[in-house]
Structure formats: C-alpha cells, structure tokens
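> Predicted model and sequence follow; I will ask about them next.
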Amino acid sequence: MDARKAPNVVIIGLGYVGLTLSVALARRGVQVYGIEKRPDVVEKTNAGVPHFAEVGLKAALADVVKKGRFVASTTTRDVPQAAYYIITVGTPLYPGSHEPRLDMIEEATREVAEHFTEGATVILRSTVRIGTTTGVVKPILDRTGVAYHLAMCPERTLEGDAMRELINLPQIIGGETPDASDAAAALFSRLTHTIVRVASPETAEMIKLVDNTSRDVHFAFANEVARACDALGINANDVIRYGKLGYARTNVAAPGLVGGPCLEKDPHILLSSVSGKGVNLEITAASRLVNERQPAETVGSLVDRLRARRPGPFKAVVAGLAFKGRPETDDLRGSMSLHVIREMMGTEQFSEIRVYDGVVPMDHIRAISSGLTPYETLAAACEGADVLVIANNHPEYSKIDLEKIIATMSHDAFVYDYWNNLSEMPAEVLENRYVTVGNLVGRFQ
C-alpha cells in the first residue's frame, strides 16, 4: 500500500483499544497520531514499547514507530490536522454506581472539535450507552459550525488476540448519514475485507452491548447450574461436559469467574440505556447478579472446607490475577480474582494471602493491596500454604504437577480451581486434593 495516498488519522486515547488500533492502521500504511494524557505512556509509546502485554504488539509497535508511521503526543496541538479522528477513551462506571461515565468522551470530543477541519470524519469506538454518538458527541461537534461526518464503529477484539482480530473480524459501521458510513468504511477497509454497514450509530452501539451481554448471560447460566448441582450433591462439571457430548443442541459453558473490562460493565451500560424507557431487562440484570455474587459464595464455601479440616487461621495462595489467562494478558481491569481476594480478606480467616501471576508486572501486583504477599514463582508461594486458589486459566496452571505442589503445602492442603485447569487428570491424583466450581462435594466424599 502506498503510504503517500493513505489518510492521516488522529486517535484519542492510547489504552488497549486505541494503541492496538493505531498500530494496526499504521502497519497498513496509514499515518497515525495518537493522543494520550498520560506522559509516561506517550514516552513509552514513542520508544516503541507498549504499556501492556499483548501478543504481537511489541514488535509491531517498534516497527511502525521506527518507520515514523505512528507518533504519540499528549495533545492534538502537537500533531497535524487529519481526515479521520477516532475516539477510543475508556467508559468506566462511576464508583459505587452502575452508571457509565461520559466525561472522558466529552473531553475527547472537545479536543477533536478544537482541531478538526471541514470534511473530517469523526468515529466513536468506545463502548457507550445507547444514544451517546448522536446525543453527546454530535452536539459538541455541531457547535463548531464545521461540516463533518460522524459514525460509530465499536471495538470488538479479544484481549491477547487483538492484532490478528483487527484484520480478520468484520468491522461494524454505523454512520449518521450514508456519506459518513462510506467515509468510515473507506478507512476500516484498509484493515479488513469485511465491512458491515448498519442502519444507524445507535444500532452499532447496541451491537457491542448485546455481544458482551449475551456472553455474560451464557456464563451466568453455567454458574447457576453449578449452584444447583452443589446444592444437590451432583458434579456440575460432569453434567455440563457429558450432557453436551455429541449433542449439538446443548452448549452450556463451564462455570467460573466472569469479569474483565467488558463483561463487568457492558451489561450495566445496556441496563442504563433502557432505564426510564419502561423496559426491565430481567435476564440481563439477573445474570450480572449471579456472576457478581459468585466470589462471595465460593469464598464462603472455601472457608467452610478449610475449617472442616482444621481450625484457622489459614495461609492461602491466589494464582492468576489478570482477568483471564487465555489469551495471555496482564490486564487487571474487572479482574474477579481481585474480588475473590477482597472476599477472602473480609472473612478474617487468613493469616496470610500470597499472590502470584507470571504475566502481571510485580509493581502492579504490589499496588493491589498492602495486605498481600507477592511471590515471583508459584512453587515458592505454595510452600506451607493450606490452599491454592487458581483464579484464571493461564496455560501455566494446566501444567501444574499437582502431587509435587501438594507435597510442599501443609497437611490436608488442597487446590481450589475456578477454571477446571486440572480436571482431566486421573481421579486418584485429584482425590481429596482438588475442588472446582460446581464440584464442592464429589471428590471430597
């Protein structure tokens, strides 16, 4: 692709969404300018070093920075005007609330409004409440009196696989006008051959929320199955695994922790979108309830299991702090592991909670809480501990030598695995040593 014919693009926000998109576009010959308020992130980016872990990102970023196709800055004042402006800033929920914040979207839009020129295309890519593109972004841009195109093109990549998915996933295009859709499609067609034009920005906003909420509901039902089986003394993992074996009409997920930067908040944003519209989304709300209370329920069962063996206090190890391990990430946003740790601390039954994650930087681990003891290796963390809690599905945990680990722990120690990493091991190895969500009795009878 001839870089001279490619448009200039300004991307506001160099978090996970903005940085991966910036690099993907720059690799396609687009001249990209990234705007990020955090000076340390800008410095690292311009040095070709990503500020989070993502497969394939480090080499790709170093390459586009070296070639001058991607430059980061703290302000649009330092970069040329562009044909495209893409807003990728975060939309977290307000603390103690399920309402999404709009201030970062508004601030980013104002920055675009001060910089763009006639005919520019503005694309919102952040996950937002329905109506944000036309109800929040558009009024700010309209006040400039400058003619522009506006579209919503939601981000839908999987952390750990973003560099591949950005060029393989269909790109959703929801333009305010047909011309806006054409302009957005012209840019994203440089990434992928599959462009899906939808009727409006609101349709595009809804697609992102429904995609993630459907997954939340899917996982919530699996956790509901686990709760039912625990109450009845049935192994939920057997029910789920064998019930769908060769039976295509059933595809129940495995139970476990459900969180992350999307599933933790997107169902709440959907609920917020219909608030006041006379609609009550019972399944969406119930699914969040099931998934959000799971840490408290499972930690309660875990403590009961420990106290049935001997009096406390206990030493515990929590392994896997990132919100998931496959694909590998160091992202702690929305990590249910942290909720598990908070519940454990709240029981006051643990004299020490040791933590380990082979991907998350040690300084990030230390910043979680002063009440935790971080370890460089899992083996060292487990020495003398009463329970090992495996809280994500990193491939490292499926390769654990269970007998070797248990031998270094206290008498009657066991492993509590939220992700069934070791459930395929022989029964005689797991007996009295291994428990999973939905199997709180089985192997301990």
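Thanks, I have the structure now. Note that the structure is a prediction, hence the values are computed from the model and not measured. Numbers count the residues shown, from 1 in each chain.
> Do a quick rundown of the strands in this protein.
Assigned strands in the chain, in chain order: 8-12, 31-35, 70-73, 84-87, 120-124, 148-152, 171-175, 195-197, 314-319, 350-356, 372-374, 387-390, 414-417, 434-436 (criterion: DSSP state E).
> helices or strands next to the worst-scoring helix or strand of the chain on mean pLDDT in the packing?
Lowest by mean pLDDT, DSSP states H and E among the helices and strands of the chain is helix 427-430, with a mean of 79. If contacts are counted by 3 or more C-beta pairs under 8 Å, 6 or more residues apart in numbering; DSSP states H and E, helix 427-430 sits against helix 402-408. Backbone N, C-alpha and C define where each C-beta goes, glycine included.
> about what we covered before: just give me the lowest mean pLDDT stretch among the strands of the chain.
Out of the strands of the chain, strand 434-436 stands lowest, with a mean of 90 (criterion: mean pLDDT).
> What distance do you get for residue 245 to residue 195?
38 Å (C-beta to C-beta, to the nearest Å).
> What is the neighbour count of residue 289?
Here the number of neighbours of residue 289 (other C-beta atoms under 10 Å) works out to 11.
> Same check on the one 10 residues further on?
Using other C-beta under 10 Å as the criterion, residue 299 is surrounded by 23 other residues.
> And the closest residue to it other than its chain neighbours, how far from residue 389?
Among residues not flanking residue 299 along the chain, residue 343 sits closest, at 4.0 Å (C-beta to C-beta, 6 or more residues apart in numbering). Noted for residue 343: a distance of 11 Å to residue 389, by C-beta to C-beta.
> Mind checking which of those two has more residues around it?
The residue with more neighbours, out of residue 343 and residue 389, is residue 389; 23 against 18, by other C-beta under 10 Å.
> how about that one, what does it touch?
Residue 389 is in contact with 302, 316, 317, 318, 319, 340, 344, 415, 416, 417, 418, counting by C-beta atoms under 8 Å, 6 or more residues apart in numbering.
> In terms of distance to residue 276, which of those ranks first?
residue 340 (34.4 Å; C-beta to C-beta).
> how much space between the closest one and residue 261?
17 Å.
> ditto for residue 310
Residue 310 is 39 Å from residue 261, by C-beta to C-beta.
> One more: residue 327?
In terms of C-beta to C-beta, residue 327 sits 14 Å off from residue 261.
> neighbour-wise, which of those two wins?
residue 261 (21 against 16).
> So that one is in contact with residue 336, correct?
No: counting by C-beta atoms under 8 Å, residue 261 sits too far from residue 336 to count as a contact (11.8 Å).
> Overlap of the contact sets of those two?
residue 323.
> hang on, residue 251 packs against residue 244?
Yes: counting by C-beta under 8 Å, residue 251 sits close enough to residue 244 to count as a contact (5.7 Å).
> higher neighbour count, the two?
The neighbour count for residue 251 versus residue 244, taken as other C-beta under 10 Å, is higher for residue 244 (14 against 10).
> quick revisit: just name the most buried of the strands of the chain.
Neighbour counts (mean count of other C-beta atoms under 10 Å) averaged over each of the strands of the chain peak at strand 84-87, with a mean of 28.
> what's next to the least confident helix or strand of the chain, contact-wise?
Under the contact criterion C-beta under 8 Å, 6+ apart, helix 427-430 has outside partners 402, 403, 422, 423, 443.
> list the contacts for residue 85?
Neighbours of residue 85 in contact, by C-beta under 8 Å, 6+ apart: 9, 10, 11, 12, 112, 115, 116, 120, 121, 122, 123.
> Write down the beta-bridge partners of it, one by one.
residue 10, residue 122 (DSSP bridges).
> That one and residue 116: what is the separation?
The gap separating residue 85 from residue 116 is 6 Å, by C-beta to C-beta.
> Also residue 202?
In this view, residue 202 and residue 116 are 23 Å apart by C-beta to C-beta.
> ok, these two, which is more surrounded?
For residue 202 versus residue 116, neighbours defined as other C-beta under 10 Å are more numerous around residue 116 (22 against 19).
> hang on, that one packs against residue 109?
No: at 10.3 Å, residue 116 does not count as touching residue 109 under the criterion of C-beta under 8 Å.
> if I look at those two, which residues touch both of them?
Joint contacts of residue 116 and residue 109 (C-beta under 8 Å, 6+ apart) are 122, 141.
> got the contacts of residue 389 as JSON lines, with distance to residue 38 columns?
Shown next, in JSON lines, are these (distance: C-beta to C-beta, whole Å):
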{"residue": "302", "distance to residue 38": "38"}
{"residue": "316", "distance to residue 38": "34"}
{"residue": "317", "distance to residue 38": "33"}
{"residue": "318", "distance to residue 38": "28"}
{"residue": "319", "distance to residue 38": "30"}
{"residue": "340", "distance to residue 38": "29"}
{"residue": "344", "distance to residue 38": "32"}
{"residue": "415", "distance to residue 38": "39"}
{"residue": "416", "distance to residue 38": "37"}
{"residue": "417", "distance to residue 38": "36"}
{"residue": "418", "distance to residue 38": "32"}
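> That's all I had, so thanks and see you.
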